[in-house]
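Engineer: pasting the structure only:
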């Protein structure tokens, strides 16, 4: 055919580039390497005439039948060889590799391969069949045929269609047409409104301006014969026009009667031309326009031109894309843990990771956090292995903070200081108020019950000891909560480091994590034992620090002034007592006419504030003074106990958690892992998923390098030899 021969001549300058693109398509067929190639994808609703269009272009009969016939992508490579005497095809797909067949056997072979790719559960396969047609009458053109879109599930396979069939088709479509370098060949029948066709709508989804869409209007003989504007509409002009930037082409393909009669392509083309000449809306088009919008020849010319331009533009972009993909794959491969198969390799790798683990701990404890910046930031998720919150603390305020993707949560010393500050607040909040009526009544009752032969201001020492014991009991809960919280936080801290340095070896990761948890449990047990011992010490009243005496002197002096002014106890509480001992109270201003009480005058102590209408007492009786003395002594001694106890507990925690990690974790882990011969090699055996990932990356790198070699040869003029199989 002269028309087709001319088309072949027009593409000779790019045919070897097209060979390269087709080779790359086979090389990167699974799209996992991140390489996108220029393509022309054929889409359309079921029964839109899509298969007939492909048959006209290739001269090969494709599968036909009731319901959905095309169930996977078909890459149709048409290769023109003008001197070929016996056309043939080569088909690849499923388990079939490069099988040479006669053109008359194409449909049967496609059906056979398709049956191996689909099943009752898989109606649409994401796999691809490649069909290469080598003949003298075809253009140099590669198209990707996609399954026809169904309106209803039943269209796919008759009654009882697959419930996700349309979603599966759309997913397959989008995997191709979302690619910006993919030209969309949208097939739509002339007797259906294009705006209602899913094919048109899906094309608009990814190409809203129609810049890379070609319209193919089939069944043009079913268009309104009186539509004198049909040609104008094909040119994209006026109302109801097919407006695509790359244009639209009308075709009249074989009817079912012609298919049954076995009419060949040449006869169909002749009848198509007669119809164009007889239609009043088409026969008035200028000759130049007719050659662009009418018939298979116009479509072939348009597609070959589009493909030639795309192929020429693709080479530089492909070089850049493959270089980027190669760097990414090589980086992924380098990030994988080394495949350790020999004992020596295992020991070297383990010791290296263990050293980095220990060095990171030392840096963190010295507030050097540079190493943490390279950490993978874990998700804010309770399931995250790196930062999952370990529950156990009864105090919500003490819950470990390691729950976000911010590596500042792994800054151990600032976090511990936060816990210590909260601990001090909890100790204060858990302590009984000393300067209130209830405590006053308790003290008075105990003093009354222990009264013996002593002066009024010298109560039984057993009463003081009894209240000191109660104070010690108040400290226990807050201290144990702190120890539990620090233990939980340190576990999450260590989990994050183990995830960073040992995640490449899952068995070793789990073993090291468990060993560290054992070490931290020992630290917790030791801390708890020290806390319990300290609580026993605090139950015995003792101090050599004159801090107690200084605090008591301040408090006595101020309360004496308050009594003298008649404002005690109405204006007094623990907060004021604390401010007094800390030197935060303003001096009491002198009263110009303050009455001087007569010597030897006494008033009774009132345990609750005096009414506003009565004068506050300015003296205490012996019993009241004894109670007040003991309250002041207990308040000041409690300050000593709190200061001493909180310091001691914090010191124990720093000793048993961060310092023990720094000084003993590496040795402890090394001993635990290598204590049994062969255990390390077993723990570092590469798991199957990592082995598969490594193999896939190595294969991908090899594919990309091979592709880069092809493109480099093409771009420098040393084009690779054509892979078209000609003359057998």
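Structural biologist: That came in fine, so what should we check first? Quantities reported herein were computed from a predicted structural model and do not represent experimental measurements.
Engineer: Spell out the residue ranges of the strands in the chain.
Structural biologist: Here the chain has its strands, by DSSP state E, at 39-44, 73-80, 88-93, 96-101, 128-135, 141-145, 182-189, 213-218, 248-250.
Engineer: what's the closest of these to residue 627?
Structural biologist: Nearest of these to residue 627, taken as CB to CB: strand 182-189 at 91.7 Å. The way it works is simple: take the backbone N, C-alpha and C, and place the C-beta from them, glycine included.
Engineer: Am I right that residue 57 is in contact with residue 139?
Structural biologist: Yes: judged on CB atoms under 8 Å, residue 57 makes contact with residue 139 at a distance of 7.3 Å.
Engineer: how much space between residue 82 and residue 317?
Structural biologist: 32 Å (CB to CB, to the nearest Å).
Engineer: Ok, residue 100 next?
Structural biologist: Counting by CB to CB - residue 100 and residue 317 are separated by 34 Å.
Engineer: swap in residue 56?
Structural biologist: Counting by CB to CB, the gap from residue 56 to residue 317 is 31 Å.
Engineer: go on, residue 642?
Structural biologist: From residue 642 to residue 317 the distance is 71 Å (CB to CB).
Engineer: Can you check which residues contact both of residue 57 and residue 139?
Structural biologist: 78, 300, 303 (CB atoms under 8 Å, 6 or more residues apart in numbering).
Engineer: Leaving aside the residues adjacent along the chain, what's closest to the first one?
Structural biologist: Counting by CB to CB, 6 or more residues apart in numbering, residue 138 is the residue found nearest to residue 78 once chain neighbours are left out, at 4.0 Å.
Engineer: didn't the one you found look like it was pressed against residue 54?
Structural biologist: No: using CB under 8 Å, residue 138 makes no contact with residue 54, being 11.2 Å away.
Engineer: Now do the shared contacts for those two.
Structural biologist: Taking CB under 8 Å, 6+ apart as the contact criterion, no residue touches both residue 138 and residue 54.
Engineer: Run through the residues that contact the residue nearest to residue 666 when sequence neighbours are not counted.
Structural biologist: Spatial nearest neighbour of residue 666, chain neighbours left out: residue 358 (4.0 Å); criterion: CB to CB, 6+ apart. Listed by CB under 8 Å, 6+ apart, the contact set of residue 358 reads 662, 665, 666.
Engineer: Then residue 75?
Structural biologist: Counted by CB under 8 Å, 6+ apart, residue 75 has contacts 25, 128, 129, 130, 131, 142, 143, 144, 145.
Engineer: Could you count how many residues lie near the fifth one?
Structural biologist: What it means is residue 131. Residues lying near residue 131 (other CB atoms under 10 Å) number 24.
Engineer: Report the beta-bridge partners for it.
Structural biologist: When bridges are called by DSSP bridges, residue 131 pairs up with residue 76, residue 91.
Engineer: check contacts around it.
Structural biologist: When contacts are counted by CB under 8 Å, 6+ apart, residue 131 touches 60, 74, 75, 76, 77, 89, 90, 91, 106, 110.
Engineer: cool, the first one as well?
Structural biologist: Taking CB under 8 Å, 6+ apart, we find residue 25 in contact with 37, 39, 75, 142.
Engineer: hmm, try it at 7 Å
Structural biologist: Residues in contact with residue 25 (CB atoms under 7 Å, 6 or more residues apart in numbering) are 37, 75.
Engineer: sorry, back to before: what about residue 56 and residue 317, which has more around it?
Structural biologist: Between residue 56 and residue 317, counting by other CB under 10 Å, residue 56 is the more crowded of the two (23 against 14).
Engineer: Next, count neighbours for the closest residue to the more buried one other than its chain neighbours.
Structural biologist: The shortest distance from residue 56 to any non-neighbouring residue, by CB to CB, 6+ apart, is to residue 296 (4.5 Å). Neighbours of residue 296 under the rule other CB under 10 Å: 22.
Engineer: ok, now how distant is residue 296 from residue 302?
Structural biologist: For residue 296, the distance to residue 302 - CB to CB - is 11 Å.
Engineer: circling back: okay if I get the contacts of residue 131 as a markdown table plus distance to residue 625 and pLDDT?
Structural biologist: Listed next are the contacts of residue 131 as a markdown table, based on distance: CB to CB, whole Å; pLDDT from 0 to 100:
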| residue | distance to residue 625 | pLDDT |
| --- | --- | --- |
| 60 | 116 | 88 |
| 74 | 105 | 92 |
| 75 | 104 | 92 |
| 76 | 108 | 92 |
| 77 | 109 | 90 |
| 89 | 115 | 94 |
| 90 | 113 | 94 |
| 91 | 110 | 94 |
| 106 | 114 | 93 |
| 110 | 109 | 93 |
